[in-house]
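Need coordinates for the following:
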Amino acid sequence: MATENFSAALCAPASASVPSTAHPMAAPGYGKRSAPDQAPRRTDDFQLLPERERYIAAFVDRLPEGAAMTVKTLARQLPRYGQQAVSTALTALSVAGHLRRIRRLAGDGDQVRWVFRTFWSRTARDNEWWTTFLAAEDGRVTTTAPVSVSPPPYGVPAQTPAAVRPVEAETPDSPPMHGPAPTAPVGAPATVLAVPLAVPVVGQQPKSSPDHPSPGYLALAQLGCAEPRLALSANDCKQLEGLALEWLARGVSPAYIVQALAAGLPAEPINSPLGFVRRRLKQKTPPHQPSIPAPGTVGSPARRLLVECTKCGTPGRPEALPDGLCHACRPGALPTGRTTTATDTQAATARTARDVHARVEILRALARTS
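Prediction:
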């Protein structure tokens, strides 16, 4: 009489298919992320994978969004396999097209950090799909990042954008114009209807007043705090204010003026701080500082998303890491200095095939080497 044999290789245990509620969650912004457009969950999912990969894939597939996806955390939740086995299985799942590990920049300005995530797809995807999806994800991150605009040089008033300039209110003396605007006679000079805006001219810096000293005056007044031998009087600051404003018009800051004037002083006493500072302001005039363009306005946008090799963690562009693996970690990669043989060529041809059977053979080879 035949005996029914329910092998554990046919399906993963319920403890692996249904994650425990105690599975740790990653920090906000990290952890598992589900890829879009996945097929509905079925009982025969991952049936083409080897036993271990099918077991771990069923577990990962049921993890919630934001769950921790490190090898150590998964191995702790899967006592059947150790960290090395889990790492090898994740590499095989990456080759099969089920996951990609990525790092992306989060934050703005100086407050920037790398955020590590794992995109998971129940439906196996090829390299072209992953490359397109991650490129779109990178574009979404770049376009949604706020753009910082460099402030104008000191003394130059900031211009108000045309979209937010205040509009004059309509009064009885100037009724609103409805319909097409009147046309001027031929040969008549053009009439400007809009109120002209004051355009700042580089080099024309505002002079200081007793109540509102200019940035150049303040920089000279602070010079004595940084170097007592260069302490200037109020009259001295007034005389040198024009030279200091010329420095500010070139794009430097008041702190730069103080540092440049107080650096490299002679050892002997300075008898005339006024003459010494005037000579330095004329001889050490800085060059015009180039304006820093806002991120994403010139050239190609900055890449804020990189794919990580599932095996070793080496970052790179999506198209440079097919199957989620760098060149050194791909199955059959040649060691340094070794020449290509006919067997290597055949193995490379099998790896580039996109049919299901070739992928299963690669997964089985990875399972045997673990």
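
now the residue nearest to N127 when sequence neighbours are not counted: how far from P273?
Counting by Cβ to Cβ, 6 or more residues apart in numbering, P322 is the residue found nearest to N127 once chain neighbours are left out, at 4.7 Å. (Glycine included, C-beta is placed from N, CA and C.) Using Cβ to Cβ, to the nearest Å, P322 is found at 68 Å from P273.

next one: S214
Plainly put, S214 is 20 Å away from P273 if you go by Cβ to Cβ.

Check T73 too.
65 Å.

do the same with H288
Counting by Cβ to Cβ, the gap from H288 to P273 is 28 Å.

For the stretch 101-250 of the chain, which segments are assigned as helices?
Taking DSSP state H, counting those that start in this stretch, the helices of the stretch 101-250 of the chain run over residues 127-144, 215-221, 223-226, 234-249.

other SSEs contacting the third one?
Just to be clear, that refers to helix 223-226. When contacts are defined as 3 or more Cβ pairs under 8 Å, 6 or more residues apart in numbering; DSSP states H and E, helix 223-226 packs onto helix 254-262.

show me what contacts E227?
Each residue near E227 by Cβ atoms under 8 Å, 6 or more residues apart in numbering is listed here: 261-262, 265.

In this protein, what helix or strand scores lowest on average pLDDT?
helix 14-17 (a mean of 48; mean pLDDT, DSSP states H and E).

Moving C-terminal from that one, which element do we reach first?
Next helix or strand after helix 14-17 toward the C-terminus (DSSP states H and E): strand 31-34.

Determine the set of other helices and strands touching the helix or strand just after that next one.
Using DSSP H and E, the next helix or strand after strand 31-34 towards the C-terminus is helix 51-61. If contacts are counted by 3+ Cβ pairs under 8 Å, 6+ apart, helix 51-61 sits against helix 14-17, helix 71-77, helix 83-95, helix 356-369.

Which one of those helices lies nearest to P269?
Each of those has some distance to P269 by Cβ to Cβ; the shortest is helix 71-77, at 66.5 Å.

Give me the distance between A26 and D45.
Distance, A26 to D45, by Cβ to Cβ: 24 Å.

what residue ranges in the stretch 251-370 of the chain are flagged as low confidence?
Within the stretch 251-370 of the chain, the segments meeting pLDDT under 70 span 291-303, 332-359, 369-370.

mind listing the strands for it?
Secondary structure of the stretch 251-370 of the chain (DSSP state E, counting those that start in this stretch): strands at 305-308, 315-316.

do the same with the stretch 101-250 of the chain
With strands called from DSSP E, counting those that start in this stretch, the stretch 101-250 of the chain shows them at 111-120.

Where does pLDDT dip in it?
Within the stretch 101-250 of the chain, the ranges that satisfy pLDDT under 70 run 109-110, 140-211.

change it to 50
Residue ranges of the stretch 101-250 of the chain with pLDDT under 50: 142-151, 154, 156, 158-204.

Indicate which one of the helices and strands packed on helix 51-61 is closest to L240.
Each of the helices and strands packed on helix 51-61 has some distance to L240 by Cβ to Cβ; the shortest is helix 71-77, at 63.9 Å.

What helices and strands are in contact with the closest one?
helix 51-61, helix 83-95.

Figure out which of these is closest to G316.
With respect to G316, and counting by Cβ to Cβ, the nearest of these is helix 83-95 at 13.5 Å.

Now the closest one: average pLDDT?
Mean pLDDT, helix 83-95: 93.

Report the inter-axis angle for it versus strand 111-120.
Following axes from the mean of the first three to the mean of the last three Cα atoms, to 10 degrees, one obtains 80 degrees for the angle between helix 83-95 and strand 111-120.
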